[in-house]
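[1] coordinates only, no sequence provided:
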């Protein structure tokens, strides 16, 4: 009888041992999971903290740009690529990270909102856009499509698009019939896509109202589009001339043109002073990186922030 009892206890002890091992394994697994979750939570907190600090650095960079532009407006009556605001600042150490960036004259580009004045398409400015598209090897139909997107009427131009086209899309939406606030708005316009926008970005802007092109900062492609009667060689000569001495005003620009170009059309679309600038800042703090772009309006002594976005 006693031997039978001992034998019956052995399986029970084995089962108890197995249960104990299972409990320990389960407790270990739960503890590991809790530790892993806590570590993940701590890393997320650190990342959020670093990102917040990186954004503060970027904001400081934009304030620096505002100060540079304000000082330039106080001391100079023209804008050109040889001024301090045009210097690209490489990434440099900052407390806990680094920061760098630069300022771009948006009036060195062609303002797409120039196409429409008082709700109506300006045919001369439409011709400028067509020439710009041609030089960039982009479809000419983009010009009337954009004009219809900006103008106030509902009548589509040849190769253009109004509500009838946009309401047929999935999902449908209406034609904006108002100004662009940013080049990325073009994604909703017929014929435009990311590749087209990136091709346009160095040469086109989206600024409030009508804005002339700064002849001191515009590229050869933009000048060729604005001044249709110039040859490529003449455009390059203008750029070489302004590199030696920037144009003081449009009268100075006309005076320095060769005699045969004195009355060239298109100079009324030029200026030597700029109002709108974009600031691009890249900042890093700890393990977080951020980039910020802002559009500044220098109409007032301290440049106003038109918009700002983080990436």
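    Here it is on my side, so go on. Because the structure is predicted, anything quoted here is derived from the model rather than measured.

[2] gap between residue 229 and residue 235?
    Separation of residue 229 from residue 235 (Cβ to Cβ, to the nearest Å): 11 Å. C-beta here means a position set from N, CA and C on the backbone, and glycine is covered the same way.

[3] hey, where'd the strands end up in the stretch 201-311 of the chain?
    204-205, 213-214, 270-271, 276-285, 288-297, 304-310 (DSSP state E, counting those that start in this stretch).

[4] so which of those strands is the most packed in?
    strand 213-214 (a mean of 26; mean count of other Cβ atoms under 10 Å).

[5] residue 262: neighbour count?
    When counting by other Cβ atoms under 10 Å, one arrives at 10 neighbours for residue 262.

[6] what are the phi and psi values for it?
    Note on residue 262: its backbone torsions stand at phi -60, psi -40 [degrees, to the nearest 10].

[7] give the closest residue to it in space, chain neighbours not counted.
    What sits nearest to residue 262 in space, not counting adjacent residues and going by Cβ to Cβ, 6 or more residues apart in numbering, is residue 254, at 6.3 Å.

[8] pretty sure the one you found is in contact with residue 266, am I right?
    No - contact between residue 254 and residue 266 fails when scored by Cβ atoms under 8 Å: they sit 11.3 Å apart.

[9] who touches both of the two?
    Residues touching both residue 254 and residue 266 by Cβ atoms under 8 Å, 6 or more residues apart in numbering: none at all.

[10] residues in contact with stretch 112-120?
    Applying Cβ under 8 Å, 6+ apart, the external contacts of stretch 112-120 come out as 121-122, 125-126, 128-129, 146-147, 150-153, 179-180, 183, 186, 204-211, 269.

[11] now do the same end-to-end measure for it.
    End-to-end distance for stretch 112-120: 14 Å, by Cα to Cα, to the nearest Å.

[12] in it, what's buried?
    For stretch 112-120, a neighbour-count test (16 or more other Cβ atoms under 10 Å) marks 112-116 as buried.

[13] where do the helices sit along this structure?
    Per DSSP state H, the chain carries helices over the ranges 2-75, 123-135, 142-150, 163-166, 194-200, 220-226, 232-244, 250-255.

[14] deepest of those helices, which one?
    When these are scored by mean count of other Cβ under 10 Å, the highest mean neighbour count falls to helix 142-150 (a mean of 24).

[15] and the angle from that one to helix 123-135?
    With axes from the mean of the first three to the mean of the last three Cα atoms, to 10 degrees as the basis, helix 142-150 and helix 123-135 are set at 130 degrees to each other.

[16] quick check: mean pLDDT of helix 142-150?
    Mean pLDDT, computed over helix 142-150, is 97.

[17] other residues contacting that helix?
    For helix 142-150, contacts defined as Cβ under 8 Å, 6+ apart pick out 112-113, 115-116, 121, 126, 129-130, 133, 156-162, 175-180, 186, 188-192, 196.

[18] and what of stretch 102-110?
    65, 68-69, 79, 85-89, 128-129, 132, 202-205, 207, 211-214, 217-219, 222, 225-226, 271, 274-280, 295.

[19] just stretch 227-234 next, same as before
    Here stretch 227-234 makes contact (Cβ under 8 Å, 6+ apart) with 127-128, 131, 220, 223-224, 235, 238, 258, 261, 264-267.

[20] also stretch 161-172?
    Outside stretch 161-172, the residues touching it (Cβ under 8 Å, 6+ apart) are 145, 148-149, 154-156, 173-175, 188-190.

[21] what about stretch 202-218, start to end distance?
    Stretch 202-218: ends 10 Å apart by Cα to Cα.

[22] how far is that stretch from where the chain is centred?
    Relative to its chain's centre, stretch 202-218 lies at 15 Å (Cα atoms, centre = their mean, to the nearest Å).

[23] buried residues in it?
    203-207, 211-218.

[24] any stretches of the stretch 101-250 of the chain with poor pLDDT?
    Across the stretch 101-250 of the chain, nothing is flagged by pLDDT under 70.

[25] give the rounded mean pLDDT of stretch 251-264.
    What stretch 251-264 shows for mean pLDDT is 89.

[26] between the two ends of it, how far is it?
    End-to-end distance of stretch 251-264: 13 Å, with Cα to Cα as the criterion.

[27] now stretch 171-189
    With Cα to Cα as the measure, stretch 171-189 spans 14 Å from end to end.

[28] what's the offset of that stretch from the middle of its chain?
    Counting by Cα atoms, centre = their mean, stretch 171-189 is centred 16 Å from the centre of its parent chain.
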